[in-house]
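Chemist: Dropping the sequence and predicted coords here.
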Amino acid sequence: AQSVTQPDIHITVSEGASLELRCNYSYGATPYLFWYVQSPGQGLQLLLKYFSGDTLVQGIKGFEAEFKRSQSSFNLRKPSVHWSDAAEYFCAVGPNTGNQFYFGTGTSLTVIP
Amino acid sequence: SQTIHQWPATLVQPVGSPLSLECTVEGTSNPNLYWYRQAAGRGLQLLFYSVGIGQISSEVPQNLSASRPQDRQFILSSKKLLLSDSGFYLCAWRAYGYTFGSGTRLTVV
């Protein structure tokens, strides 16, 4: 079955500290992988995506993610977190064509000063 | 550039009342459009998608329906809302990943 697991429901980090949000997926074909960020009361904004090639992808706002096929993971990282990064983060997997994407249940990030 | 508009941003409706949420896309033609629902503490659930005018596919049987009267317009409706319809509704346009609208917070009371 296709699925995305984000094992951390909530994470708290200090401003300036490094961040890693975990994402594991189960997908029967070549996965296209995405990370989205959702600020309170807002829609989802694409942070970065992986289709093929270099397994380390750079996104907006200083985020990066690494695709590890052997671990079925696509973890999101940021070297130094800013207070404005407090939001909910969603990992998603989907096909290059077709209509079904699978989203994780999200990780809520709190940044403390 | 492509943009997606969704309204209203917030809606409080009594049980049994009708619902109409609208989504429009600019800057593209014949987009694939989607309605997702995000319930409190849960992930995103795909409700409907449309690949063209009048073409609607339903992913989850429910109290809701969708229509695509124009190429860049996608409407989510209900004849009689249930308490369980409360949630955050997101319209999205797809091209190598989704572009989401800003969402509608629906509270059914």
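Modeler: Sure, I can see it. Residues are numbered from 1 along each chain as shown, chains lettered A, B, ... in the order given.

Chemist: ok, B:L19 - contacts?
Modeler: B:L19 makes contact with B:11, B:13, B:64, B:76-78, B:81, B:85, B:106, according to CB atoms under 8 Å, 6 or more residues apart in numbering or on different chains. C-betas here are computed from N, CA, C, even on glycine.

Chemist: mind redoing it with 6 Å?
Modeler: B:77-78, B:81 (CB atoms under 6 Å, 6 or more residues apart in numbering or on different chains).

Chemist: and for stretch A:56-65, what are the contacting residues?
Modeler: The contact list for stretch A:56-65, computed with CB under 6 Å, 6+ apart, reads A:35, A:47-48, A:50, A:66, A:74, A:76-78.

Chemist: can you redo the residues you listed as JSON lines with distance to A:A87 and pLDDT?
Modeler: Below are these laid out as JSON lines (distance: CB to CB, whole Å; pLDDT from 0 to 100):
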{"residue": "A:W35", "distance to A:A87": "11", "pLDDT": "95"}
{"residue": "A:L47", "distance to A:A87": "10", "pLDDT": "95"}
{"residue": "A:L48", "distance to A:A87": "15", "pLDDT": "94"}
{"residue": "A:Y50", "distance to A:A87": "20", "pLDDT": "92"}
{"residue": "A:E66", "distance to A:A87": "21", "pLDDT": "96"}
{"residue": "A:F74", "distance to A:A87": "18", "pLDDT": "97"}
{"residue": "A:L76", "distance to A:A87": "12", "pLDDT": "98"}
{"residue": "A:R77", "distance to A:A87": "15", "pLDDT": "98"}
{"residue": "A:K78", "distance to A:A87": "12", "pLDDT": "98"}
